[in-house]
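1. Return atomic coordinates for the entry below.
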Amino acid sequence: MSQDDFRALYERLRQRAWGGARGALDTITPERIRAAAADVRTGRTVTLAAPVETEPGPDNPQPAGHRLTSPPEESADSRGLHFATDRFSMNVHGDADTHVDALCHVVYDGTLHGGVPATTVTPAGATALSVDLARDGIVGRGVLLDIPRLRDVPWLEPGDQVTAEDLAAAEEAQQVRVGAGDLLFVRVGHRRRRVESGAWDAAHARAGLHPTAVEFLADRRVAVLGSDSNNDAAPSAADGIAFPVHVLAVHALGLHLLDYLQFEDLVPVCVRERRWSFLCVIAPLRLPAATGSPVNPIAIL
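-> Purely as a prediction, here's the structure:
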């Protein structure tokens, strides 16, 4: 896409934003949550998160830090009461760990979503549109569209792009339809490729959505977008914009994004149950001024 084509797409989508103070999360109404909960059949729960990684790799040069802060080694065999304690640190927006992007994560043309000034993001934290907007959790109907399954391949190769036509074809093949207020999850097979072929520099080569696929999200008025990759493909299809899907989804439409999920536990359950929709519960950490949070989304079938 040329810069002019991208700008035109951005302006079209910005005019179609359907959310309120919490962005598109406001489309998840109590009625839709009750309907998603009522559709639970087996009660089976499945994580959509990958394990947090503490070792460096080609796609994770700044891994999460984890160390035990107590007890001292000599207390292991001693009598009396002792506690084991930990300390964690994390680059939330890396290319390995599962996380949610807040609406303050994407700055474009000096603003955040809805025209909020970018100056609200300060060294002390974000004073607007932080992940605290999701402090009460993101709960609703999740829908998984499996693009490698549609194309009959184990995964999409780095650089491949998912189109709106792919999403519509996956709906038809899986006999499911994405609707307003849904949590849309798009599998590209990133995690399976990483497990079977090893990690690579995903910052420069990864499968993801084509920018024009975001119009599908607008047509269906979804509440959240998530992928087992970064949602954006690399290299980018838009000249001069490294993360066009982030700009279009977060900044223009007000969608919270979930990056680097894993669906390898969920897919066989969906195949066995012959259903690709489920109740989904996502609970970000209470980080009132943060631009994102690690998460462990749970699908309930």
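2. the bottom helix or strand of this structure by mean pLDDT?
-> When the helices and strands of the chain are compared on mean pLDDT, DSSP states H and E, strand 65-70 comes out lowest with a mean of 91.
3. Which strands and helices lie in contact with that strand?
-> Applying 3 or more Cβ pairs under 8 Å, 6 or more residues apart in numbering; DSSP states H and E, we find strand 65-70 packed against strand 85-89. From N, CA and C alone the C-beta is placed, and that goes for glycine too.
4. can you give me the angle the strand it packs on makes with strand 65-70?
-> 160 degrees (axes from the mean of the first three to the mean of the last three Cα atoms, to 10 degrees).
5. now strand 85-89, how far from the chain's geometric center?
-> Distance, stretch centre to chain centre, for strand 85-89: 24 Å (Cα atoms, centre = their mean, to the nearest Å).
6. Dump that strand to PDB, restricted to CA.
-> The C-alpha coordinates for strand 85-89 follow below in PDB (Å, rounded to 0.1, in the frame of the first residue of the first chain):
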ATOM      1  CA  THR A  85       9.100 -15.400  47.200                       C
ATOM      2  CA  ASP A  86       9.800 -14.200  43.700                       C
ATOM      3  CA  ARG A  87      10.500 -11.100  41.700                       C
ATOM      4  CA  PHE A  88       9.500 -10.600  38.100                       C
ATOM      5  CA  SER A  89      10.300  -8.000  35.400                       C
END
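7. For that strand, which strands pair with it and how are they oriented?
-> strand 65-70 (antiparallel) (DSSP bridges).
8. Name the residues of the strand it pairs with that come out as buried.
-> The neighbour-count criterion (16 or more other Cβ atoms under 10 Å) identifies no buried residues in strand 65-70.
9. residues in contact with that strand?
-> With contact meaning Cβ atoms under 8 Å, 6 or more residues apart in numbering, strand 65-70 is reached by 52, 54, 82-90.
10. try 10 Å
-> 52-54, 82-91 (Cβ atoms under 10 Å, 6 or more residues apart in numbering).
11. Which one (most neighbours) among those?
-> M90 (19 neighbours; other Cβ atoms under 10 Å).
12. Closest one to E264 out of the contacts of strand 65-70, please.
-> E53 (15.6 Å; Cβ to Cβ).
13. In this structure the closest one contacts Q262, no?
-> No - in this structure, E53 is not within contact of Q262 by Cβ atoms under 10 Å, at 11.8 Å.
14. quick revisit: among the contacts of strand 65-70, which pair sits farthest apart?
-> Counting by Cβ to Cβ, the most remote pair of those is H82 and N91, 31.5 Å apart.
15. From the chain's centroid, how far away is stretch 197-206?
-> On Cα atoms, centre = their mean, the centre of stretch 197-206 falls 18 Å from the chain's centre.
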